[in-house]
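>>> heads up, no residue letters with this:
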């Protein structure tokens, strides 16, 4: 099974040399990695010209580290379904070369977690995971992936996925990646106020508080007022804690207006990491 890139050439360069140059520049803009073991990161998934600097800050935190597997969890933007869609085997293509899927771990998760299903169709057009791949292929080209797209972001699904990931990833050097943008299409002042709530929960490693923030809104409005990948973010935070993470770091925050110059209708971005950090 080979998942072809859906947004290469539009959301980021399809030319390998140019893409590598862009990714390296975004990574160079991040701060030096923190001391401690990183278990998870939160990174945005907009076009690289908009969210690349914030994504670069997230992935700069995992340079010069080694992992056995990278678990990607993002929201479904195009296909509505209940549960979590797994791409079970094969590889995900990128302009920098393919990244293999950990088929054995995928099979373990299917057995361990009833909300996960083999549903490659949910991945075909989805950009939330794809936008992480240029960074991951550049930094960890040989590390296999476990690609997961969440449909309806119910508490049941969020908590079940977290539990399943803890079960199958214990004993592995795992990097969990939550893919999410923040509020959508408000003016910059409103965006900043809404996104501050999310950043506060993330910085305090408060997964339950973030879930409550999501549940303040109907599911169809959560992506607008809170974050489109809020469910994936909470799952990853819960799983990170179950895998030994003790603290969080907010690494960067921005919005699209800082690139486009349009401050009337912006999208918010946040980079964060979760790990075993000294107090």
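That came through, no problem. Predicted, not measured: the structure shown is a model, and the values here were computed from it.

>>> can you give me the helices in the stretch 51-200 of the chain?
103-112, 133-139, 155-169, 188-203 (DSSP state H, counting those that start in this stretch).

>>> quick one: contacts of the shortest one?
The set of residues that contact helix 133-139 without belonging to it, under CB atoms under 8 Å, 6 or more residues apart in numbering, is 5, 12, 19-20, 22-24, 26-27, 43, 48, 55-56, 58-59, 62-63, 70, 92, 94-97, 99, 143, 145, 177. Where C-beta positions appear, they are placed from N, C-alpha and C, glycine not excepted.

>>> any idea how far that helix is from the middle of the chain?
13 Å (CA atoms, centre = their mean, to the nearest Å).

>>> ok, now the last one?
Between the centre of helix 188-203 and the centre of its host chain there is 18 Å, according to CA atoms, centre = their mean.

>>> let's test this: mean pLDDT of it, rounded?
If you average the pLDDT over helix 188-203, you get 98.

>>> now swap in stretch 232-252 and tell me
97.

>>> tell me which residues of that stretch come out buried.
By neighbour count with 16 or more other CB atoms under 10 Å, stretch 232-252 contains the buried residues 232-243, 245-252.

>>> give me the spatial nearest neighbour of residue 197, chain neighbours excluded.
Excluding the flanking residues, the one nearest residue 197 by CB to CB, 6 or more residues apart in numbering is residue 213, at 5.9 Å.

>>> burial count for that neighbour?
Residue 213 is flanked by 21 other residues according to other CB atoms under 10 Å.

>>> which residues sit in contact with it?
Going by CB under 8 Å, 6+ apart, residue 213 touches 197-198, 201, 226, 230.

>>> of these, which pair is most distant in space?
Farthest pair in these (CB to CB) is 197 and 230. Separation: 11.3 Å.

>>> one step back: doesn't the residue nearest to residue 197 lie inside a strand?
No - counting by DSSP: H, G, I helix; E, B strand; the rest coil, residue 213 is located in no strand; its state is helix.
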